[in-house]
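J.: Need a 3D model of the sequence below.
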Amino acid sequence: MKFTNRDKRTNLEKEIDSVLKAMSALDADSEEYSAMVSNLGKLFDAKSKEKDRKISPDTIAVVVCSLLEIALMLNYEKAGVITSKALGFVIKGRV
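T.: Model (predicted):
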């Protein structure tokens, strides 16, 4: 079985690394170097605006537990005599 080392960097991160590698071969006083510094600044701005769309496992666990809590309370309300407000016990979402 052959294991490969996968590169998990985004294309933007790969481009930043390639610019940094190219800059290391140039003289700091050259015009090309200053142009690359400008481009590197633009790349870092684009990277800072990039959004991470991954949902953390903690968030999934909180949502599942809240739904389970509501289901259990509603089932109890259906079977029992006492009524309560199930939604009052749910953790409120943060924006």
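
J.: Contact partners for residue 36?
T.: Going by Cβ atoms under 8 Å, 6 or more residues apart in numbering, residue 36 touches 19, 22-23, 26. Just so you know, the C-beta spots here come from the backbone N, C-alpha and C atoms, and that holds for glycine as well.

J.: now do 7 Å
T.: Going by Cβ atoms under 7 Å, 6 or more residues apart in numbering, residue 36 touches 19, 22-23.

J.: any idea how far it lies from residue 16?
T.: 11 Å (Cβ to Cβ, to the nearest Å).

J.: Same check on residue 75?
T.: 53 Å.

J.: Which residue of those two possesses the greater neighbour count?
T.: residue 16 (18 against 11; other Cβ atoms under 10 Å).

J.: Check whether that one really touches residue 45, as I assumed.
T.: No: between residue 16 and residue 45 no contact is recorded; they are 11.2 Å apart, counting by Cβ atoms under 7 Å.

J.: which residues touch residue 63?
T.: If you count contacts by Cβ under 7 Å, 6+ apart, residue 63 has none.

J.: Okay, and it sits in which element?
T.: helix 57-79 (DSSP states H and E).

J.: which SS class is the nearest residue to residue 32 once chain neighbours are set aside?
T.: In this structure, residue 32 finds its nearest non-sequential neighbour in residue 26, 5.7 Å apart by Cβ to Cβ, 6 or more residues apart in numbering. Under DSSP: H, G, I helix; E, B strand; the rest coil, residue 26 falls in the coil class.

J.: measure residue 26 to residue 19 for me?
T.: Counting by Cβ to Cβ - residue 26 and residue 19 are separated by 11 Å.

J.: thinking again about what came up before, intersection of neighbour lists for residue 36 and residue 16?
T.: In contact with both residue 36 and residue 16: no residue, using Cβ under 7 Å, 6+ apart.
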